[in-house]
Structure formats: C-alpha cells, structure tokens
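Trainee: Any chance you could fold what I've pasted below:
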Amino acid sequence: MTGSVTALQLRMFFGELIGIYTRGKQISNRLRTQFIQEGLSWQCPAYGLAESGGYHVAGEDVLIEAATYLKQVPMADKTFFIDLPWILPMMTPSFDRLQTHYSTTEIQMRMIAERQARNSDLKACRMLANAAEAAANVTGASVPDECETPAGLTITNAGFLTTPSVILDGLRQAAQRFDENDVPEGKRYFACHPAQKHLLISDRQLLDKDVLQIPNGDYAKATVYMAHGFEIISSTAVKAMRTAGDYTNVTGDNATYTATSTGTHAANAGICFTDESVIRLVRKELEMDSWYQNSRYSHVVTSRVIDGYGIYRPETVVAFRTS
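Mentor: All right, here's what the predicted structure looks like:
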C-alpha cells in the first residue's frame with residue numbers, strides 16, 4: 001500500500017493514536033527516561049554525598065596528608081531492566097471502518113492507545129510505591145555517616161482517602177522530608193487517587209486568590225495545581241494499582257514490580273516523587289503495525305511498547321498508605 005491514499009490515511013490515524021498514548025502517560029512522562037538500542041538492561045551509578053573537606057595548611061601535600069584532605073564520593077551501581085514487549089492486537093474487517101470517525105472500531109483503536117499508556121503508568125506507580133519502601137542506595141559500615149543517602153519513606157493514615165486536612169498534612173511532611181534530603185524544589189509531583197484531587201479542591205485555601213499570589217486552580221472547573229510545592233496529578237493508574245491489590249511479577253516482567261510488603265500497592269493512597277525517583281528504560285515507544293490476513297479476510301492491527309522501570313533515588317519518594 002506504499003504511496004496509496006489508504007497508506008497515507010493510516011499513517012495519519014496511527015499518528016493520532018501515538019498522540020493519545022503520549023498525552024495519556026501522566027506518570028511515566030514525568031520520569032527520567034533512558035532509551036537503549038539493544039540489550040535488555042542498562043547500568044548507571046547512584047552517588048552518595050561528598051565527604052567533608054578540611055582547611056589547608058601551608059606546606060602540606062593534599063595527597064600525602066590523605067586522612068585530612070583526600071576524600072571520597074561513594075557510589076552504588078544500579079541496573080535497570082527492559083520487560084518483554086507488551087502487545088495489544090485487534091482485528092478489523094475493513095480499513096474503511098478503521099478510518100471512519102465515531103465508528104466502533106475507531107473507538108476501540110483509541111482505547112488500545114489509552115490502555116498502553118495506562119499500562120506504562122501502572123508499572124511506574126508500582127515501582128514508585130516499592131521505592132518508598134526501598135533501602136538507601138549508599139549506606140553501610142564502610143561509608144562515612146555524612147556520605148550516606150536516606151531510604152524511602154511511607155506515611156500511614158486511614159484518612160488519606162477521605163479527609164482533605166490529612167492529605168495536606170501528608171504533603172507537608174513529604175515536602176519537609178524532601179527539603180531535609182536536599183531534593184531540588186522543581187519537578188516535585190504528587191500522583192493521587194482521583195477522589196483525593198476532588199477532596200483537595202474542596203479546601204478553598206488552595207484556590208483562594210486572596211491568600212495565593214498566583215492562580216492555583218478553579219473551583220468551578222474542578223482543577224487544582226499545587227500543594228506544598230507538589231504538582232498534583234490525578235491518576236487513574238493510582239486507583240487501578242490500589243484496586244488490583246499487591247502485585248506479583250509474572251512472566252515477561254524482567255524488572256521487579258512485586259510488592260515489597262503487604263499493602264504496598266493495595267493500601268497505597270498517593271505517591272510523592274520527582275523525575276529521578278524511578279528511571280524508565282525504553283527500547284521501543286508505542287509502535288503500530290498492520291497486515292492483511294487472507295485466511296480471515298481481515299486486517300490485523302497491533303500495538304506494542306517495550307519498556308521497564310527501576311528504582312533510582314528512593315530518598316526522593318514518599319508514599320501515602322491507609323494501613
């Protein structure tokens with residue numbers, strides 16, 4: 001079909017689906033992404049804090065007087081894995097139906113792109129929830145105390161899904177934790193259950209223009225942007241993770257998404273994170289393909305994404321749990 005009108009229409013339609021997929025990734029789009037061309041894994045170092053220096057005395061050699069001057073920046077190797085291709089196929093008897101606006105098939109195709117985006121976000125949420133319970137990257141007897149990095153943090157309160165003041169107090173604690181861990185103030189996010197967003201909108205102080213110097217949302221439009229320095233992201237992936245319960249790796253998961261303890265996913269009620277909390281490793285973004293199957297007189301349309309997630313900086317994650 002190269003050069004045909006049908007091929008042109010398909011390229012335009014598939015381009016639209018890729019746009020839906022890209023816009024639908026609310027969580028994974030905000031994470032640091034590393035693309036690889038081959039292989040199933042990638043390594044990079046995670047650094048601790050630099051050890052304190054000292055005042056130099058005239059005449060002393062900074063290498064000979066190593067105990068005073070020569071210091072270290074400890075590090076730990078981190079390995080990230082690509083999962084097997086995640087594929088969604090469908091069959092349609094006619095490309096014309098595929099290209100017809102508002103047709104059943106066209107809606108189904110859109111749902112495929114949205115579901116691919118949801119799957120990427122769901123994996124990201126599971127890894128972020130695990131990161132909140134992960135140990136520090138750099139720690140141990142051989143590492144000076146001042147060089148160690150903190151672990152992740154989990155805050156538990158039964159009111160996280162029902163009480164606005166509890167959510168705001170949790171965000172205050174998370175912001176304080178980030179400040180104490182020297183986490184940069186930019187690119188801080190709060191991925192929340194949709195119910196939590198609407199609870200926050202009911203707190204008029206977040207929207208009151210007499211209190212705030214800049215607009216922070218609109219009560220009538222049910223929007224709220226930030227609280228305690230965190231950009232608020234209402235994510236159905238957070239709801240889906242909680243509804244599905246604690247996850248256990250299946251065949252095809254090369255990264256470790258299994259819940260680290262009881263309630264890690266099932267009791268999750270939002271995650272505070274940054275762009276460096278988890279790394280998304282990508283071999284192939286959304287790819288659409290199609291071919292005609294003679295035996296069924298139908299066209300097969302497939303979509304696939306090849307990616308994986310891994311914990312990078314657990315000290316930049318705070319998870320909320322209801323139990």
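Trainee: Determine how far stretch 82-95 lies from the middle of the whole chain.
Mentor: 24 Å (CA atoms, centre = their mean, to the nearest Å).
Trainee: Please disregard the earlier target; I meant stretch 25-35.
Mentor: With CA atoms, centre = their mean, you get 6 Å for stretch 25-35.
Trainee: can you tell me the average pLDDT over that stretch?
Mentor: Stretch 25-35 comes out with an average pLDDT of 93.
Trainee: OK, contacts around F35?
Mentor: For F35, the contacting residues are V282, R283, by CB atoms under 8 Å, 6 or more residues apart in numbering. All C-beta atoms are positioned from the backbone trio N, CA, C, and that covers glycine.
Trainee: can you check P45 too?
Mentor: P45 neighbours (CB under 8 Å, 6+ apart): M75, A76, D77, K78.
Trainee: how many neighbours does Q34 have?
Mentor: Using other CB atoms under 10 Å, Q34 has 15 neighbouring residues.
Trainee: Mind checking what secondary structure it has?
Mentor: strand (DSSP: H, G, I helix; E, B strand; the rest coil).
Trainee: List the beta-bridge partners for it.
Mentor: L281 (DSSP bridges).
Trainee: Now for it: which residues touch it?
Mentor: Q34 touches W42, C44, F80, I279, R280, L281, V282, counting by CB under 8 Å, 6+ apart.
Trainee: I'd assumed P89 was in a strand, is it?
Mentor: Yes: checked against three-state DSSP, P89 lies within a strand.
Trainee: Run a quick neighbour tally on it.
Mentor: 12.
Trainee: Over to A266?
Mentor: Neighbours of A266 (other CB under 10 Å): 18.
Trainee: tell me which element the nearest residue to A227 once chain neighbours are set aside falls in.
Mentor: In space, and not counting its chain neighbours, A227 is closest to L171: 5.2 Å by CB to CB, 6 or more residues apart in numbering. Assigning secondary structure by DSSP states H and E places L171 in helix 164-180.
Trainee: List the contacts of that helix.
Mentor: Residues contacting helix 164-180 (CB under 8 Å, 6+ apart): 153, 155, 157, 159-160, 188, 190, 192, 196, 199-200, 202-203, 227-230, 270, 272, 274, 316, 318, 320.
Trainee: So what's the gap between whatever helix or strand comes next after that helix and the chain middle?
Mentor: Following helix 164-180 in sequence order, the next helix or strand is strand 188-192 (DSSP H and E). Centroid separation for strand 188-192 versus its chain: 10 Å, with CA atoms, centre = their mean.
Trainee: Give me the contacts around strand 188-192.
Mentor: Residues contacting strand 188-192 (CB under 8 Å, 6+ apart): 26-27, 30, 125, 128, 167, 171, 174-175, 178, 200, 227, 229-235, 237-238, 269-274.
Trainee: Pull up the pairing partners for that strand, direction included.
Mentor: Next to strand 188-192 in the sheet, as set by DSSP bridges, lie strand 230-234 (parallel), strand 268-274 (antiparallel).
Trainee: C-alpha coordinates for it, CSV please?
Mentor: Taking C-alpha atoms only, strand 188-192 is exported to CSV below (Å, rounded to 0.1, in the frame of the first residue of the first chain):
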residue,chain,number,x,y,z
ARG,A,188,8.1,17.5,42.6
TYR,A,189,4.9,15.6,41.9
PHE,A,190,2.0,14.1,43.9
ALA,A,191,0.3,11.2,42.0
CYS,A,192,-3.1,10.8,43.7
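Trainee: Kindly calculate the angle that that strand makes with helix 164-180.
Mentor: Per axes from the mean of the first three to the mean of the last three CA atoms, to 10 degrees, the angle that strand 188-192 makes with helix 164-180 is 150 degrees.
Trainee: Check the secondary structure at the spatially most distant residue from the centre of the chain for me.
Mentor: The centre of the chain is farthest from one residue, G59, which by CA atoms, centre = their mean lies 52.0 Å away. When classified by three-state DSSP, G59 comes out as coil.
Trainee: and the gap between it and T248?
Mentor: 63 Å (CB to CB, to the nearest Å).
Trainee: those strands in the stretch 201-323 of the chain, which residues are they?
Mentor: Taking DSSP state E, counting those that start in this stretch as the test, the strands found in the stretch 201-323 of the chain are 217-218, 223-224, 226-227, 230-234, 268-274, 278-293, 298-311, 318-321.
Trainee: In JSON lines: these, plus mean pLDDT, distance to Y21 and mean neighbour count.
Mentor: Formatted as JSON lines, those follow (pLDDT from 0 to 100; distance: least, CB to CB, whole Å; neighbours: other CB atoms under 10 Å):
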{"stretch": "strand 217-218", "mean pLDDT": "82", "distance to Y21": "27", "mean neighbour count": "16"}
{"stretch": "strand 223-224", "mean pLDDT": "88", "distance to Y21": "23", "mean neighbour count": "18"}
{"stretch": "strand 226-227", "mean pLDDT": "91", "distance to Y21": "26", "mean neighbour count": "20"}
{"stretch": "strand 230-234", "mean pLDDT": "94", "distance to Y21": "17", "mean neighbour count": "20"}
{"stretch": "strand 268-274", "mean pLDDT": "96", "distance to Y21": "21", "mean neighbour count": "28"}
{"stretch": "strand 278-293", "mean pLDDT": "87", "distance to Y21": "4", "mean neighbour count": "18"}
{"stretch": "strand 298-311", "mean pLDDT": "88", "distance to Y21": "8", "mean neighbour count": "21"}
{"stretch": "strand 318-321", "mean pLDDT": "97", "distance to Y21": "26", "mean neighbour count": "27"}
